[in-house]
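Student: Just the structure for this:
(one chain, ligands or ions: 1)
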Amino acid sequence: MHAIIAVREVIAIALLLLFSINNEGVESTKNPRAIEGSHSVLASKFDLNSMRFAGSPATQARYLLRKVYFKGVLGDSLTILPQFLDSLMLDILPVITRDELRRYIAEEKIDSMHIGGDISRPLSQTKSGIVAGYFIIHDASNLMNPPYKSFSSLVNSTKWYHNQIWRQKNFKWAHAFINRFGQSITCNDFEKPVYATKFEKSDNNPDIGDTCVGNFIHVENIQPRRSSRKRRPYNDDIAISPGFTDKQYERLALLYLTASTRKEGWLIPSFHAIIDEGIKGAHHDPQNFELTKWVMVMQKLYHQIKM
Ligand SMILES: [Zn+2]
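Tutor: Predicted coordinates for the structure are as follows:
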């Protein structure tokens, strides 16, 4: 009898141990101790009804486009935005119309299916029916093989695996990819709610999480990374500099203008790293992004399309 109880007890203790191990591994983000010290900095600035961060669009952009430094250290809020972007955030300039955009892409022989999908269609929405308000800029942090190898001209050739843009066609966690030649591919139509940040995951950001999926348009940019020898195992700490090619900035500008056309209003651009600030395991992209350069390219493109 005693022996049977003992066996039962042993089994019970073993099961308890097993479940507690599982809880650590699978459900660890629901454990209050695990959440401690890993809290979204932006959560308290986010309004769940409007699905917008606090402040005017210009104020938000100055915050959301802070410089992302090595290992995800974030710079201060910008004191001023590049002038053209400021005028968009202040609604001084109108968005490009669908007809203007159709004419431009026909002239340039750009397939709308490569720039977010059918431009007649609207943008994604949250479950509560709010149209996407943010355009999130990512770099795809493509690790070199082998990881300690220096960057070579290979990364700007079609031989480099990651520049073969068709390979991203079925990627689930972005709307579009842009390679080093400025070629883009749509992996999910801009109309489809897609998550690509920890901010949009309830496990990582319990107060908001997946209620805000659909509020963000996510664009990935191919960028080679290599590993720092200071940290093992392999890591993607070191980004190429300059971070992006001119063609990449140009296509990224077109995708931003296109998303804004489909919204019929200006989206607020943001860097991924800012959205996830404070959340454990936050990503540190995009690295080496030249905001002034991107906005200058966008200004030129805007006037070219509006002509
Ligand atoms: Zn990212």
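
Student: For this protein, what lies in contact range of the ion?
Tutor: Contacts of the chain with the ion, taken as CB under 5 Å from the ion, map to 138, 272, 283, 285. Just so you know, the C-beta spots here come from the backbone N, C-alpha and C atoms, and that holds for glycine as well.

Student: could I get those as TSV with neighbour count and pLDDT?
Tutor: Output for the residues of the chain next to the ion, formatted as TSV (neighbours: other CB atoms under 10 Å; pLDDT from 0 to 100):
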residue	neighbour count	pLDDT
138	23	98
272	25	98
283	20	90
285	26	96
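
Student: What about those, which are in helices?
Tutor: residue 272 (DSSP state H).

Student: I'd say residue 249 and residue 295 touch.
Tutor: No: the pair residue 249 / residue 295 is not scored as a contact, 9.2 Å apart, by CB atoms under 8 Å.

Student: who touches both of those two?
Tutor: Residues touching both residue 249 and residue 295 (CB atoms under 8 Å, 6 or more residues apart in numbering): there are none.

Student: on that earlier part again, among the residues of the chain next to the ion, which lie within strands?
Tutor: By the criterion of DSSP state E, membership of those in strands covers residue 138.

Student: For the stretch 201-307 of the chain, which segments count as helices?
Tutor: In the stretch 201-307 of the chain, the helices defined using DSSP state H, counting those that start in this stretch lie at 246-263, 272-275, 291-306.

Student: what about residue 293, neighbour count?
Tutor: Residue 293: 14 surrounding residues under other CB atoms under 10 Å.

Student: hang on, it packs against residue 249?
Tutor: Yes: counting by CB under 8 Å, residue 293 touches residue 249, with 5.8 Å between them.

Student: Where do the domain boundaries of this protein fall?
Tutor: 1-36, 43-306 (automatic domain parsing).

Student: buried ones in stretch 285-301?
Tutor: 285-289, 291, 294-299, 301 (16 or more other CB atoms under 10 Å).

Student: Compute the distance between the residue in the stretch 151-300 of the chain that the ion sits nearest to and residue 135, please.
Tutor: Among residues of the stretch 151-300 of the chain, the one nearest the ion by CB to the ion turns out to be residue 272. It sits 3.5 Å away. Using CB to CB, to the nearest Å, residue 272 is found at 11 Å from residue 135.

Student: same question, residue 38
Tutor: For residue 38, the distance to residue 135 - CB to CB - is 26 Å.

Student: Please identify which of these two sits among more neighbours.
Tutor: residue 135 (25 against 15).
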